[in-house]
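Chemist: return atomic coordinates for the entry below.
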Amino acid sequence: MSRFQWLAEVRLMLEHYRLYWLNFLSGMLADVLFFYAILIGLKSVTKTSLPDIDLGSLLALYGVFQFTGALWRTFASNILNESLLGTIEHLSLARGGLLTQLTVRAFVLGLNGGLYAAVVLLVLYWVSGISLQPSWWWPLGVLAFLPINFGLAFLMGSLGLFFRRVDSLFVVLNFILLPYFLSLTQWQPHMAYLPFAPGAHLVRLGLTGGDFDWGIFLLALFQGLSLLAAGFLAMAYMYRMVRRRGTFGRY
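Modeler: Residues are numbered from 1 along each chain as shown. Below you'll find the predicted structure:
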């Protein structure tokens, strides 16, 4: 895997920003307004003032949701578009094969998702006045949360590779993940064993001045590496299946 492959993917990402900047800004505006809609909804449902709600944790977990969505949704949609256009066959013929090329793309999209979530958090921090208190160790929380997101991206990508039209499933999953992540503001010890929960909780602690928890960190890594392995296996299996069925033809 040469550095030129990485540079090519980074350049592709930057070209997307240059060509589709209006779509990028519109999406960011929508995400900012969506957070305000969540605040208004919480105030109406709970009948309490906003200061009674842990807004720092809410904002941090909203950033976690944005990062997760930006990674797996973009990656899966990318595979979906490549398979519909037939250009995914070109990736299969490139150096290292399909899995290598998709791994490079996933890491670059992870960088893209991290930058996007950071920009959204900075905009919300600036316009809302909600304060965050990042601890020195917050990058460790993000590091522990990365593998499980890559695993989800490969799992959803494998479904897109096989079924091709799964946009509605992506929408459903996105709406499930939002309240799921936001519910972690009311953290309970048993939540540590739920999917995505330890990593998301660790990121929340890191961004709100909490103490580092080795147990949660190791559990997040275990969950993440397990799902990442499952994602790689699912992608390899689905790719082999669609080739046998002649969906992509034979080389």
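Chemist: in the protein, which helix or strand is least confident?
Modeler: Ranked by mean pLDDT, DSSP states H and E, the weakest helix or strand in the chain is helix 88-93, scoring a mean of 74.
Chemist: which secondary structure elements does that one sit against?
Modeler: helix 55-85, helix 97-128 (3 or more Cβ pairs under 8 Å, 6 or more residues apart in numbering; DSSP states H and E). No exception for glycine: its C-beta is placed from N, CA and C like everyone else's.
Chemist: what mean pLDDT would you report for stretch 146-161?
Modeler: Mean pLDDT, stretch 146-161: 88.
Chemist: state the number of residues packed around Arg244.
Modeler: Residues within reach of Arg244, counting by other Cβ atoms under 10 Å, total 9.
Chemist: can you give me phi and psi for Gln188?
Modeler: Gln188 adopts backbone torsions of phi -130, psi 150, taken as degrees, to the nearest 10.
Chemist: Asp54 reaches Leu184, doesn't it?
Modeler: No. In this structure, Asp54 is not within contact of Leu184 by Cβ atoms under 8 Å, at 10.8 Å.
Chemist: if you count surrounding residues, which of those two has more?
Modeler: Leu184 (22 against 15).
Chemist: wait, the more buried one sits on Leu61?
Modeler: Yes. If you go by Cβ under 8 Å, Leu184 and Leu61 touch, sitting 5.8 Å apart.
Chemist: quick check: neighbours shared by the two?
Modeler: Shared contacts of Leu184 and Leu61, defined by Cβ atoms under 8 Å, 6 or more residues apart in numbering, are found at Ala200, Arg204.
Chemist: coming back round to it: give me the buried stretch members for the least confident helix or strand of the chain, please.
Modeler: If you call a residue buried by 16 or more other Cβ atoms under 10 Å, then helix 88-93 has these buried ones: Ile88, Glu89, Leu91, Ser92.
Chemist: do the same with stretch 92-112
Modeler: For stretch 92-112, by 16+ other Cβ under 10 Å, it's Ser92, Leu98, Gln101, Leu102, Thr103, Val104, Arg105, Ala106, Val108, Leu109, Gly110, Asn112.
Chemist: quick one: low-confidence parts of the chain?
Modeler: Along the chain, segments meeting pLDDT under 70 span 1-4, 43-53, 247-251.
Chemist: what residues does stretch 224-234 touch?
Modeler: If you take Cβ under 8 Å, 6+ apart as the criterion, stretch 224-234 is touched by 99, 144-155, 157-158, 195, 199.
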